[in-house]
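Visitor: Turn this into a model:
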Amino acid sequence: MTFSPTFRFFAVMIKFIFSFVILLFFMACGQAPQRNCEDFKTGSFSFKATINGEEKETVFHRTLDLEVDEFEGKKDSSSIRWINDCEYVLKNLNPKNKAEEKPIHIKILTTSGSSYTFEYNIVGDNNKFKGTAFKID
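Guide: The predicted structure is shown next:
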């Protein structure tokens, strides 16, 4: 049985495309995000956020059970309750109003050598925000 040149061309192209898709699949499977959360449980960090169109920086110092934030010259302390190596809940120790009484859930999504990307929200609120913190010590 002989096949036309057009049929052979399409057969080769199908094999090529199939091989390419398999290769992409295996490459994607090997690229899981890095999460070395243990490296970021304690230390000093900085985090920048845009508030009302202006970039603001918060510096915070964290131990296993306490976080002290410095923002615009003011310090604030929160207790930490670790859920697992990559998630914790912050509770303000000296809230000045009802909003500050609400705990904040933080989940580390990915890590790199000196930074981590995290997601945070007020406990019970579905609105989630993302940020990146940089280790400074």
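
Visitor: Look up which helix or strand F118 falls in, please.
Guide: F118 is part of strand 115-122, with elements assigned from DSSP states H and E.

Visitor: Domain boundaries for the chain, per the record?
Guide: 1-32, 37-135 (automatic domain parsing).

Visitor: Which of these has the highest mean neighbour count?
Guide: Most buried of these by mean neighbour count (mean count of other C-beta atoms under 10 Å) is domain 37-135; its value is a mean of 14. All C-beta atoms are positioned from the backbone trio N, CA, C, and that covers glycine.

Visitor: average model confidence for the helix or strand that the strand holding F118 is followed by?
Guide: Heading C-terminal from strand 115-122, the first helix or strand you meet, by DSSP H and E, is strand 129-135. Averaged across strand 129-135, the pLDDT comes to 95.

Visitor: What angle do strand 115-122 and strand 129-135 make with each other?
Guide: Interaxial angle, strand 129-135 versus strand 115-122 (axes from the mean of the first three to the mean of the last three C-alpha atoms, to 10 degrees): 140 degrees.
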